[in-house]
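Trainee: Mind looking at a prediction? Sequence and model below.
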There are 2 protein chains.
Amino acid sequence: MLNVPFERFTKDTIQAMEKRFRAAFINSLSGCKSANLVGSRSAAGVDNLALISSVFHLGTDPALQGMIIRPHRVRRDTLENIQQTGYFTVNHVNREIVRQAHQTSARYEADVSEFEVTGLSPYFDEQFQAPYVAEAKIKFGLKLEQIQPLAINETVMVIGSIQQVLVANRRWLGEDGYLDIEAADSLAVSSLDGYHTTTSLGRFEYAKSKGQSR
Amino acid sequence: MLNVPFERFTKDTIQAMEKRFRAAFINSLSGCKSANLVGSRSAAGVDNLALISSVFHLGTDPALQGMIIRPHRVRRDTLENIQQTGYFTVNHVNREIVRQAHQTSARYEADVSEFEVTGLSPYFDEQFQAPYVAEAKIKFGLKLEQIQPLAINETVMVIGSIQQVLVANRRWLGEDGYLDIEAADSLAVSSLDGYHTTTSLGRFEYAKSKGQSR
């Protein structure tokens, strides 16, 4: 393996790349990302959907998720809605809705609902304040806990606490708490515009060092 | 779709879940995650590898990546090494090395190198200060830019700037900058211990609203 001739891209090479080329390249590097639609509602009552591939796990007790938003790029509405109302939803994208989900990344005016232009169906749970995507098979509602601007660039980290989880099929939840996102057809994203289904290699046992008890 | 009877898990239901069950459940919710090995070296010269599924894209100019580390859980070594030396690597996990990669999540003492116990091969690029995984087909080296403790829980966000990228096959890089991580066999992770290959559904065109020019 050590003799494989790797292609090396230096910091200078990367900096010199054409802007869109570099965006596609750098966005590829973190690997498989989650394909999620984030649902929110403005104070004026306009529902919004945005495709966001940066939702990440932040903790289990309390149950927290984070996501990165670039406020100076396309989806400023999402951030403003969350600031205004304090609630948002995360909806897993599946094959049935992937084209519509991708279409939400177009620039629409603030008074346009991405539900209406894409044909995705809003779903309002009686116990929650933000719109879900009816067609998403796994989705959850969050309460805003913190908006943290990152000084290093113009991105913003949004942290929410999970208030409820909706799952279309109870059998996807295993006896040990593992939720089978593949059975729910939850997709992966690569770079800016690549979508992927997944095929399980199985689950691996809890790793132990020699002599370690769990 | 609106009539699908969703299984609803409330905040109270989630809070009442057994600890490990809840961890598996909540870790499932963000969806597909990237499977990466983070390489670092201690000031004393011990190399370390940790499986981290929270690496995320943070920006392209400068090229930045972030990751979340829970310092009070297993992989404190990684955080300490990065604090000590200021450099680390991110290495995509592929099928050939997935079992070894998962094994790095076991608890080893600080003076033990996960390279040695798992048999993964360290690779040192002459232009970089932290160990790579030779067997990884896409990997990149980062310089520490910021360590930001998140007040909301005991996690820490580590932000690094990309110094170099190593790719095993130049043909995986498209003319528009898209790097074919699927051709490199980069895997996805679900929950805490599920691994997945991916199958491309293709790339989608840049989404536009009516009348919008790019």
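Mentor: Alright, I've got the coordinates.

Trainee: Name the residues of stretch A:6-14 that come out as buried.
Mentor: Neighbour counts over stretch A:6-14 (16 or more other C-beta atoms under 10 Å in any protein chain shown) mark A:6, A:9, A:11, A:14 as buried. (C-beta placed from N, C-alpha, C; glycine too.)

Trainee: near chain B too, which of those residues?
Mentor: A:6, A:9, A:11, A:14 (C-beta under 8 Å from any C-beta of the partner chain).

Trainee: Point out where chain A drops to low pLDDT.
Mentor: A:1-4, A:72-75, A:211-214 (pLDDT under 70).

Trainee: so where do the helices sit in it?
Mentor: Under the criterion DSSP state H, chain A contains helices at A:11-15, A:19-29, A:76-85, A:98-103, A:114-118.

Trainee: For B:Ser200, which of the ones you listed is the nearest?
Mentor: With distances scored as C-beta to C-beta, the stretch of the helices of chain A nearest to B:Ser200 is helix A:98-103 (11.9 Å).

Trainee: counting contacts, what elements does the closest one pack onto?
Mentor: Judged by 3 or more C-beta pairs under 8 Å, 6 or more residues apart in numbering or on different chains; DSSP states H and E, the packing partners of helix A:98-103 are strand A:47-52, helix A:114-118.

Trainee: would you list the ones you listed in JSON lines and tack on mean neighbour count and distance to chain B?
Mentor: Shown next, in JSON lines, are those (neighbours: other C-beta atoms under 10 Å in any protein chain shown; distance: least, C-beta to the nearest C-beta, whole Å):
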{"stretch": "strand A:47-52", "mean neighbour count": "24", "distance to chain B": "9"}
{"stretch": "helix A:114-118", "mean neighbour count": "20", "distance to chain B": "7"}
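
Trainee: What's the separation between A:Asp180 and B:Arg41?
Mentor: From A:Asp180 over to B:Arg41 the distance is 38 Å, taken as C-beta to C-beta, to the nearest Å.

Trainee: And these two? Which one has more around it.
Mentor: B:Arg41 (22 against 19; other C-beta atoms under 10 Å in any protein chain shown).

Trainee: Pretty sure the more buried one sits against B:Thr78.
Mentor: No - taking C-beta atoms under 8 Å as the definition, B:Arg41 is not a contact partner of B:Thr78, at 10.5 Å.

Trainee: and for these two, which residues touch both?
Mentor: Residues touching both B:Arg41 and B:Thr78 (C-beta atoms under 8 Å, 6 or more residues apart in numbering or on different chains) are B:Asn48.

Trainee: And for A:His57, the neighbour number?
Mentor: 24.

Trainee: again, but for A:Tyr206
Mentor: Counted with other C-beta under 10 Å, residues neighbouring A:Tyr206 total 13.

Trainee: so it sits right up against B:Gln103, yeah?
Mentor: No - with contact defined as C-beta under 8 Å, A:Tyr206 does not count as touching B:Gln103 (10.6 Å).

Trainee: Which residue is the nearest non-sequential neighbour of A:Ile82?
Mentor: Closest residue to A:Ile82 apart from its sequence neighbours, by C-beta to C-beta, 6 or more residues apart in numbering or on different chains: A:Phe88 at 5.0 Å.

Trainee: Next: A:Gly141.
Mentor: Distances taken as C-beta to C-beta, 6+ apart put A:Phe128 closest to A:Gly141, at 4.4 Å, once the chain neighbours are dropped.

Trainee: ok, that neighbour touching A:Phe88?
Mentor: No - under the criterion of C-beta under 8 Å, A:Phe128 is not in contact with A:Phe88, lying 10.0 Å apart.

Trainee: Next up, the contacts around the residue nearest to A:Gly141.
Mentor: A:87, A:89, A:141, A:163-164.

Trainee: what would these look like in CSV with neighbour count?
Mentor: Formatted as CSV, the contacts of A:Phe128 follow (neighbours: other C-beta atoms under 10 Å in any protein chain shown):
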residue, neighbour count
A:Tyr87, 20
A:Thr89, 30
A:Gly141, 25
A:Gln163, 20
A:Gln164, 21
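
Trainee: taking those residues one by one, which sit in strands?
Mentor: Using DSSP state E, A:87, A:89, A:141, A:163-164 are the members of the contacts of A:Phe128 that sit in strands.

Trainee: was I right about A:Gln84 contacting A:Asn48?
Mentor: No - contact criterion C-beta under 8 Å: A:Gln84 and A:Asn48 do not qualify, at 10.9 Å.

Trainee: residues touching A:Ser200, list them.
Mentor: Here A:Ser200 is in contact with A:182, B:194-196 (C-beta under 8 Å, 6+ apart).

Trainee: Quick one: mark the members of the residues you listed that sit in strands.
Mentor: B:194-196.
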